[in-house]
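1. Sequence and computational prediction follow.
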Amino acid sequence: GETQPGDGAAAPGDVIYHAMANVNVTIGGVSTPAAFAGLTPTFAGLYQVNIQMPDGIAAGSEVPVAITASDPATGATASGNVVTIAVQ
């Protein structure tokens, strides 16, 4: 496999680093798997999570968004802070 970027070093722009965990996003109570989760190219320590908005999310000015990552080997999970977004 590819060598990971060093601590504090930017991820290269020509290699894609995927998260090893399974990443899931819940928006307004509707769950969807991340299409991509991993290091953002050319940035140091910045991860990005890409999703496609699932159907069935009610419109609102403060719809909760939660990201959960689970280790496929152990089943251990970690969750980020819940944030809100506007949905039209």
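-> Received, thanks.
2. secondary structure class for the residue sitting nearest the centre point of the chain?
-> Centroid-nearest residue in the chain: Val49, 3.0 Å away (criterion: C-alpha atoms, centre = their mean). Using DSSP: H, G, I helix; E, B strand; the rest coil, the secondary structure recorded for Val49 is strand.
3. Tell me which residues touch it, please.
-> 23, 25, 34, 36-37, 67 (C-beta atoms under 8 Å, 6 or more residues apart in numbering). Heads up, the C-betas are built off the backbone N, CA and C, glycines and all.
4. Grab the longest strand from the protein for me.
-> When the chain is parsed with DSSP state E, its longest strand is strand 60-70.
5. by contact count, what packs against that one?
-> Other elements packing on strand 60-70 under the criterion 3 or more C-beta pairs under 8 Å, 6 or more residues apart in numbering; DSSP states H and E are strand 22-27, strand 77-79, strand 83-87.
6. so of those, which one's packed in deepest?
-> Of the helices and strands packed on strand 60-70, the one with the most neighbours on average (mean count of other C-beta atoms under 10 Å) is strand 22-27, at a mean of 19.
7. Can I get it in CSV? Just the C-alpha atoms.
-> Extracted in CSV, the C-alpha atoms of strand 22-27 (Å, rounded to 0.1, in the frame of the first residue of the first chain):
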residue,chain,number,x,y,z
ASN,A,22,-17.1,2.4,7.7
VAL,A,23,-18.6,5.9,7.8
ASN,A,24,-22.3,6.6,8.0
VAL,A,25,-24.1,9.9,8.1
THR,A,26,-27.6,10.5,9.6
ILE,A,27,-29.4,13.6,8.4
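8. Strand 83-87 and that one, what's the angle between them?
-> 60 degrees (axes from the mean of the first three to the mean of the last three C-alpha atoms, to 10 degrees).
9. what's in contact with strand 22-27?
-> With C-beta under 8 Å, 6+ apart, strand 22-27 has contacts from 31-34, 37, 49, 51, 53-54, 57, 63-70, 72, 85, 87.
10. Who is the closest residue to Ala35 other than its chain neighbours paired with across the strands?
-> In space, and not counting its chain neighbours, Ala35 is closest to Asn50: 4.8 Å by C-beta to C-beta, 6 or more residues apart in numbering. Asn50 forms beta bridges with Phe36, as assigned by DSSP bridges.
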